[in-house]
Each structure stands twice: as C-alpha cells, then as structure tokens.
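J.: One predicted model, sequence on top.
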2 protein chains.
Amino acid sequence: MTQKKYHAQIYVTLRPSVLDPAGTAVESGLKNMGYHNVEGVRIGKYIQLTITSATEEAARKQLDIVCDQLLANPVIENYCVELTEIGLLEEATA
Amino acid sequence: MTQKKYHAQIYVTLRPSVLDPAGTAVESGLKNMGYHNVEGVRIGKYIQLTITSATEEAARKQLDIVCDQLLANPVIENYCVELTEIGLLEEATA
C-alpha cells in the first residue's frame, strides 16, 4: 500500500486567558533594551516532525490525538497543525 | 507621523546540526504510545508579539536585532520572522 510522507508543523500556544510569565519577562527585557514599541509577547512551542500515513486525513487525526495526549496541555493550550506532503513511500510487498 | 502596527510571528529553531534532546524524548514517547510512523521531531519556539513601527522594513530590522540579542542563540539556533500589518496607529500631534 502506498504511504505518503508529510512534514508537520505544530504550533502550541497558551490560551489567551492564561498568563504567560515567560512572555512578560521577554517584554520587560525588551523595554529594558529600549524597545518600547513591542507589546503582547506570547511564547509558544513550534514542533516539526515527519509522519508517514496513507492519507492526510489519517495523519491529521493521529496528530490531533498526539497533541491532546503529549504535545499540548488542552486545559491551558491551543494547538494548530499544518501538513505538507513531501513525497511517496512505496512499501515493499513480501 | 503615522505608525503601523504589525503582528509578528517568530520561529526559533535549533540548527539542523544541533542535537535536540527534547525532540528525541518526544519521539521516544510517541514510539512508546505505539506511533512508529513519526520521525525527526524537532522542538522550537513560536513567539508572537505586536510591534509598532513606521515601516515594515524598520520593524523587521528591529526584530532581527531582538532575535540575535534576546530571543535566539545564533550559535545554535536559526530564526525566521513573519510580519502581518494589523492596522494604523495615528499619533496625536501636540
């Protein structure tokens, strides 16, 4: 069966209602450096991986589970998955 | 002088030659969960902020300095900045 390889970009961000102490620290740092024109700094995670799957839908479904269980904390974080097909993977038949 | 507001998305990623222990840990975790079709997990930072500047070029120039000095470690990390104009900010004239 032909499997496809996808490059996945996953953005994990804190929900808007959740405080971001790291973002606040960066913002203070920027102001101390003299940059007063920057605001609303929020720091999230940017995860890249390669997934092999029969269809894009299947890959997305699996990554949703992975995000919910491992990569993000759904109580305080949102996530967004972007998939790009990067090639075919022809499996050898026995 | 009319200033513009930009939404900046900054992606900070480890250089390909640098080991990513957190990414390796996530990959092991995924394999333990039964997902053997995932590989090449790399974990970076995704920073969002709002910057006020006269031109997109000036904003980009400032963010390059900020990334080099505060947000990324240029020895082991790459960064990429995406800017989106989100509105005008008309400054009051005295």
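T.: Alright, I've got the coordinates. Numbering: from 1, shown residues only, chains lettered A, B, ... in the order given.
J.: Please name the spatially closest residue to the closest residue to chain B within chain A (chain neighbours excluded).
T.: Closest residue of chain A to chain B, CB to the nearest CB: A:Tyr46 (3.8 Å). For glycine as for every other residue, the C-beta is placed from the backbone atoms N, C-alpha and C. Excluding its sequence neighbours, the residue lying closest to A:Tyr46 (CB to CB, 6 or more residues apart in numbering or on different chains) is B:Tyr46, at 3.8 Å.
J.: and if you look at A:Lys45?
T.: A:Lys45 sits nearest to A:Val12 (CB to CB, 6+ apart), 4.2 Å away.
J.: Which strands or helices does whatever helix or strand the one you found lives in pack on?
T.: Under the criterion of DSSP states H and E, A:Val12 resides in strand A:2-14. Packed against strand A:2-14, as judged by 3 or more CB pairs under 8 Å, 6 or more residues apart in numbering or on different chains; DSSP states H and E, are the following elements: strand A:38-53, helix A:56-66, strand A:77-90, strand B:38-53.
J.: I'd like these laid out as TSV, including mean neighbour count.
T.: Below are the helices and strands packed on strand A:2-14 laid out as TSV (neighbours: other CB atoms under 10 Å in any protein chain shown):
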stretch	mean neighbour count
strand A:38-53	20
helix A:56-66	16
strand A:77-90	13
strand B:38-53	20
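J.: will you turn the ones you listed into JSON lines that also has mean pLDDT and distance to A:Val18?
T.: Shown next, in JSON lines, are those (pLDDT from 0 to 100; distance: least, CB to CB, whole Å):
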{"stretch": "strand A:38-53", "mean pLDDT": "97", "distance to A:Val18": "9"}
{"stretch": "helix A:56-66", "mean pLDDT": "96", "distance to A:Val18": "21"}
{"stretch": "strand A:77-90", "mean pLDDT": "91", "distance to A:Val18": "8"}
{"stretch": "strand B:38-53", "mean pLDDT": "97", "distance to A:Val18": "14"}
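J.: CSV please, covering these and showing distance to A:Ala25.
T.: Output for those, formatted as CSV (distance: least, CB to CB, whole Å):
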stretch, distance to A:Ala25
strand A:38-53, 9
helix A:56-66, 29
strand A:77-90, 19
strand B:38-53, 12
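J.: among the ones you listed, which is nearest B:Leu71?
T.: The closest of the helices and strands packed on strand A:2-14 to B:Leu71 is strand B:38-53. By CB to CB, the value is 6.1 Å.
J.: For the closest one, name the packing helices and strands.
T.: strand A:2-14, helix A:21-32, strand A:38-53, strand B:2-14, helix B:21-32, helix B:56-66, strand B:77-90.
J.: List the strands paired with that strand, with their directions.
T.: Strand B:38-53 has the following sheet partners, assigned by DSSP bridges: strand A:38-53 (antiparallel), strand B:2-14 (antiparallel).
J.: Output it as PDB, restricted to C-alpha atoms.
T.: Output of strand B:38-53 as PDB, limited to C-alpha atoms (Å, rounded to 0.1, in the frame of the first residue of the first chain):
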ATOM      1  CA  VAL B  38       6.700   9.600  13.300                       C
ATOM      2  CA  GLU B  39      10.300  10.700  13.000                       C
ATOM      3  CA  GLY B  40      12.500  13.700  13.000                       C
ATOM      4  CA  VAL B  41      10.800  15.500  15.900                       C
ATOM      5  CA  ARG B  42      12.400  18.900  16.500                       C
ATOM      6  CA  ILE B  43      11.100  21.400  19.100                       C
ATOM      7  CA  GLY B  44      11.500  25.100  18.700                       C
ATOM      8  CA  LYS B  45       9.900  28.300  20.000                       C
ATOM      9  CA  TYR B  46       7.000  30.100  18.500                       C
ATOM     10  CA  ILE B  47       6.900  33.800  19.600                       C
ATOM     11  CA  GLN B  48       4.100  36.200  18.800                       C
ATOM     12  CA  LEU B  49       4.100  39.900  19.500                       C
ATOM     13  CA  THR B  50       2.800  43.200  18.300                       C
ATOM     14  CA  ILE B  51       5.300  45.800  17.100                       C
ATOM     15  CA  THR B  52       4.600  49.500  16.200                       C
ATOM     16  CA  SER B  53       6.800  50.900  13.500                       C
END
